[in-house]
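S.K.: no letters, just coordinates:
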């Protein structure tokens, strides 16, 4: 019976069925996958596939490479299907949320949200990212920053080279930025592309329009550079480092986000991240460097 795309109970049943085949742990792969395993992975809903994949690899360690090859095949088939769907369909990714508070001598509270969703076709990747970070101390707001960005990546077959364009809006009142638009177009290179490790770098010209709270507005040309590293440390633990920079003669910006995500159950994961945000020429009274650590829960969409 095929697995229901909406029923997590079906996955548990299949996992129990797999667990009855414990002798597979000691048996080497002899070609092909164990009966039922391919159907299970193909029928799994995308949001649950990582969990099913992890269970399968633990129960059938000799078939890890075959399982990875099958997942790649499933991903390619999904990209081809998404290419023929409406633009609002085929999106997936993660949203995370965290909060903090303190009482007593100091009363403080804060909330942070992050969004990272994408839509992949055989040659294109549409990606929407964003974050919101608010905090107050003793009833006075001391953090107010948020941003929303869109990136389009265009691949060229199996070539590691790609083209991209991006648009971002951001606001950081305590850094003196009332609003800032950044547009970039350029190219990139996929340095590493394996099942466990991905690394890409990009570079291109950029335009930036900034409205400061207490300084003159700026419209400047510059260069944008970026790098993104994803490393699957284990089946349930992932490391990600994202670095972006915009360089211009007036003010250069650098932002680094380091995150460690561990699966808790199904589509729910725990996330710890550290962000360093640097402005070379901030508005009067603002510091060059902002750092913040966050702990939260991440939900795979």
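M.R.: Perfect, I can see it now. Here the structure is a predicted model, which is why all the values come from computation and not from measurement. Numbering: from 1, shown residues only.

S.K.: now the residue minimising distance to the centre of the chain: which helix or strand?
M.R.: Centroid-nearest residue in the chain: residue 116, 5.0 Å away (criterion: C-alpha atoms, centre = their mean). Here residue 116 is covered by strand 108-120, with elements defined by DSSP states H and E.

S.K.: related to what we said a few turns ago, any idea how far the residue nearest to the centre of the chain lies from residue 150?
M.R.: Residue 116 sits at a distance of 12 Å from residue 150 (criterion: C-beta to C-beta, to the nearest Å). Heads up, the C-betas are built off the backbone N, CA and C, glycines and all.

S.K.: mutual contacts of the two, please.
M.R.: 127, 128 (C-beta atoms under 8 Å, 6 or more residues apart in numbering).

S.K.: residue ranges of the helices in the stretch 1-150 of the chain, please?
M.R.: Here the stretch 1-150 of the chain has its helices, by DSSP state H, counting those that start in this stretch, at 8-19, 37-43, 46-59, 64-82.

S.K.: in the last one, which residues are buried?
M.R.: Right, the one you point to is helix 64-82. 64, 66, 67, 70, 71, 74, 78, 79, 82 (16 or more other C-beta atoms under 10 Å).

S.K.: can you add pLDDT and distance to residue 178 and give those back as a markdown table?
M.R.: Below are those laid out as a markdown table (pLDDT from 0 to 100; distance: C-beta to C-beta, whole Å):
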| residue | pLDDT | distance to residue 178 |
| --- | --- | --- |
| 64 | 85 | 52 |
| 66 | 86 | 55 |
| 67 | 86 | 50 |
| 70 | 87 | 50 |
| 71 | 85 | 45 |
| 74 | 87 | 46 |
| 78 | 85 | 41 |
| 79 | 84 | 40 |
| 82 | 84 | 38 |
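
S.K.: dump those residues to a markdown table, plus distance to residue 280.
M.R.: Converted to a markdown table, the buried residues of helix 64-82 look like this (distance: C-beta to C-beta, whole Å):
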| residue | distance to residue 280 |
| --- | --- |
| 64 | 46 |
| 66 | 50 |
| 67 | 47 |
| 70 | 48 |
| 71 | 43 |
| 74 | 45 |
| 78 | 42 |
| 79 | 40 |
| 82 | 40 |
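
S.K.: wait, which of these is closest to residue 294?
M.R.: residue 71 (29.8 Å; C-beta to C-beta).

S.K.: which one is the closest one nearest to, not counting chain neighbours?
M.R.: residue 53 (6.2 Å; C-beta to C-beta, 6 or more residues apart in numbering).

S.K.: and the closest residue to residue 289 other than its chain neighbours, what are its bridge partners?
M.R.: Leaving aside its sequence neighbours, residue 289 sits nearest to residue 278 (C-beta to C-beta, 6+ apart; 5.0 Å). As for beta bridges, residue 278 partners with residue 254, residue 289 under DSSP bridges.

S.K.: touching, residue 278 and residue 254? I think so.
M.R.: Yes - counting by C-beta atoms under 8 Å, residue 278 touches residue 254, with 4.4 Å between them.

S.K.: give me the phi and psi for residue 234.
M.R.: Per-residue torsions, residue 234: phi -140, psi -180 (degrees, to the nearest 10).
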